[in-house]
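Novice: What follows is a predicted structure for the sequence shown.
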Amino acid sequence: MTIKKIMFNISTKSDYGFIVMLELARRYQDGLVSLSDIAKRRKLSSGYLVQILQPLLKAKLVISKEGKGGGYKLARRPKEISVLEIIEALEGKMDLVKCLKRGKECCAGFAACDAKNIWGIIASDVKNMLGKKMLAGLLKKIKN
C-alpha cells in the first residue's frame, strides 16, 4: 500500500479556527457567544479554543467581552470576512513555496528561476480566490 504525501495541509489550528468562525457566523445576530457554549456545541476543549481565538482577536476578526454576559462575536459581518483573512490570522502570511515567503534569494538560481515565477502567479491566484470566499458564503453552502 502506497501512502501519498499531502501537498497542501490545513493545520488542526486552522480547522478548529474555521469551526469557531462558522459557529460565530451562525450566531452573529445573537450577540456574544460564551466560550463554554462553543466548546460544548462543537465538542472542543475550552483551553484549545482560547489559543485559537487569540490570533483571531489580534487580527480583529473577533471581539470579546470578559465577565458575566461576556463572550465572543465576529468583529464584522460574516459577508465581510474572507477565508484568506482567517487563514493568515491563524497561520501567518500564506505563500506556497519557501522562496516566496523569504522574499529574497534562497538558492543560487533565484534570479532566473522560472519555477519561482510560476509559483508566484499560482500563489497570487490562490490568494485572490480565498480573498473572495466569504464566511457568509461558506455558511450558506453548509446549510444546504
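Specialist: Arrived safely, thanks for sending.
Novice: Only C-alpha atoms, please: export the top helix by length along the chain in PDB.
Specialist: Assignment by DSSP state H gives helix 114-132 as the longest helix of the chain. Provided in PDB are the C-alpha atoms of helix 114-132 (Å, rounded to 0.1, in the frame of the first residue of the first chain):
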ATOM      1  CA  ASP A 114      11.100  30.200 -13.800                       C
ATOM      2  CA  ALA A 115       9.500  27.900 -11.100                       C
ATOM      3  CA  LYS A 116       9.600  30.800  -8.600                       C
ATOM      4  CA  ASN A 117       7.800  33.000 -11.100                       C
ATOM      5  CA  ILE A 118       5.200  30.300 -11.800                       C
ATOM      6  CA  TRP A 119       4.600  29.600  -8.100                       C
ATOM      7  CA  GLY A 120       4.300  33.300  -7.500                       C
ATOM      8  CA  ILE A 121       1.500  33.500 -10.200                       C
ATOM      9  CA  ILE A 122      -0.300  30.400  -8.700                       C
ATOM     10  CA  ALA A 123       0.100  31.800  -5.100                       C
ATOM     11  CA  SER A 124      -1.500  35.100  -6.300                       C
ATOM     12  CA  ASP A 125      -4.400  33.300  -7.900                       C
ATOM     13  CA  VAL A 126      -5.000  31.100  -4.800                       C
ATOM     14  CA  LYS A 127      -4.900  34.200  -2.500                       C
ATOM     15  CA  ASN A 128      -7.300  36.100  -4.800                       C
ATOM     16  CA  MET A 129      -9.700  33.200  -4.800                       C
ATOM     17  CA  LEU A 130      -9.500  32.800  -1.000                       C
ATOM     18  CA  GLY A 131      -9.900  36.500  -0.600                       C
ATOM     19  CA  LYS A 132     -13.200  36.400  -2.400                       C
END
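Novice: same for the helix or strand following that helix, what does it pack against?
Specialist: Sequence order places helix 135-143 as the next helix or strand after helix 114-132, per DSSP states H and E. In terms of contacts (3 or more Cβ pairs under 8 Å, 6 or more residues apart in numbering; DSSP states H and E), helix 135-143 is packed against helix 12-26, helix 83-91. Every residue, glycine included, has its C-beta placed from N, CA and C.
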